[in-house]
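S.K.: turn this into a structure:
(chains A and B)
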Amino acid sequence: MKIATYNVNGIRARLERLVEWLNETQPDVACLQEIKCQDDGFPIKDIEAAGYSAVWHGQKGFNGVAILSKTPITHIRNGLDGEPEDEHARYIEAEVADAAGRVVRIGNLYLPNGNPQPGPKFDYKLRWMERLRVHAAALLALEIPVVLCGDYNVIPTDADIANPAAMADDALMQPESRAAFRRLCAQGWCDALRQIHPTGPLWTFWDYQAGGWQRDAGFRIDHLLLSPELADRLVDAGVDKDHRGREKASDHAATWVKLTI
DNA sequence: ATGCCTAAGCCCCTTAGA
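M.R.: Numbering: from 1, shown residues only, chains lettered A, B, ... in the order given. Now for the predicted structure:
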């Protein structure tokens, strides 16, 4: 079973590339972030034509998340608890079944960027991470197979960025952001990409600006965390880097895991 | 110290991204 996470940076602007990626890489489940469309603007017809069912949680102009699945999908929830006035569409959760009929819970998140820091946007990021920590603990307590994946907007260590000095003041690699991510992982989640590729460059994002892609000056912010019930089923993980170099590509690359049935 | 690009809405400039 292959599960992928992909910040598409605008699903309407990216539709042709997205369908092409689905056809070429055939994920069983695809978690999308930054769909940047309202619920009634989600291109469900094109997604279904590509062979997927979907649940989505959108908003006008920015943010927005969706989960695509080759098999029927059950919507569980939108959003995280703890801040009712927060209207950002950044979290969606669903259940799918693997080929053996076993249920897998999928949590798909688009964590706030947090720039500039310090400031209210960074405060919001840290509050959101705390809300995520609380929900993630509840998911672990279920003792079921869970993938908690998405655009975390956290560069976990200096090994996860080509040029740490250039981003030293960025919200993505502040000590508070990293500590919150470590605290989450320490609950018992497995960082699947680093489990399979413990060392070396492993980028999932290359900035459009300053020739980031051409210089391979990227970083790793898209993560797939596995609950213990899934961690021992992890057989492979990777990044679909090739698609990042194509015309009209997102600034992120899709990141995926393969799990045994 | 700043802009570098890109997408989308408020649509030819601004906001947001990372």
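S.K.: what segments of the stretch 151-261 of chain A are strands?
M.R.: A:190-191, A:205-206, A:218-219, A:222-226, A:234-239, A:255-259 (DSSP state E, counting those that start in this stretch).
S.K.: export the ones you listed to TSV and tack on mean neighbour count, mean pLDDT and distance to A:Ala171?
M.R.: (Glycine included, C-beta is placed from N, CA and C.) Formatted as TSV, these follow (neighbours: other Cβ atoms under 10 Å; pLDDT from 0 to 100; distance: least, Cβ to Cβ, whole Å):
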stretch	mean neighbour count	mean pLDDT	distance to A:Ala171
strand A:190-191	18	98	20
strand A:205-206	24	98	14
strand A:218-219	25	97	13
strand A:222-226	26	98	16
strand A:234-239	17	98	22
strand A:255-259	25	98	20
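S.K.: between those strands, which gets nearest to A:Ser53?
M.R.: strand A:255-259 (18.8 Å; Cβ to Cβ).
S.K.: quick check: bridge partners of the spatially most central residue of chain A?
M.R.: Centroid-nearest residue in chain A: A:Gly150, 1.1 Å away (criterion: Cα atoms, centre = their mean). Under DSSP bridges, the beta-bridge partners of A:Gly150 are A:Leu109, A:His223.
S.K.: same deal with A:Leu259?
M.R.: Under the criterion used (DSSP bridges), A:Leu259 bridges to A:Leu234.
S.K.: so which bits of the stretch 101-250 of chain A are right by DNA strand B?
M.R.: A:112-113, A:115, A:121, A:151, A:153, A:172, A:205, A:207-211, A:219, A:221, A:248 (Cβ under 7 Å from any atom of the strand).
S.K.: need the strands for the stretch 1-150 of chain A, in chain order.
M.R.: Counting by DSSP E, counting those that start in this stretch, the strands of the stretch 1-150 of chain A are A:2-7, A:29-33, A:53-57, A:65-69, A:74-78, A:91-97, A:103-110, A:146-151.
S.K.: buried set for the longest one?
M.R.: Neighbour counts over strand A:103-110 (16 or more other Cβ atoms under 10 Å) mark A:104-110 as buried.
S.K.: find me the pLDDT at the residue in chain A positioned nearest to DNA strand B, would you?
M.R.: Per Cβ to the nearest atom of the strand, A:Gly10 is where chain A lies closest to DNA strand B, at 2.6 Å. The confidence metric pLDDT takes the value 98 at A:Gly10.
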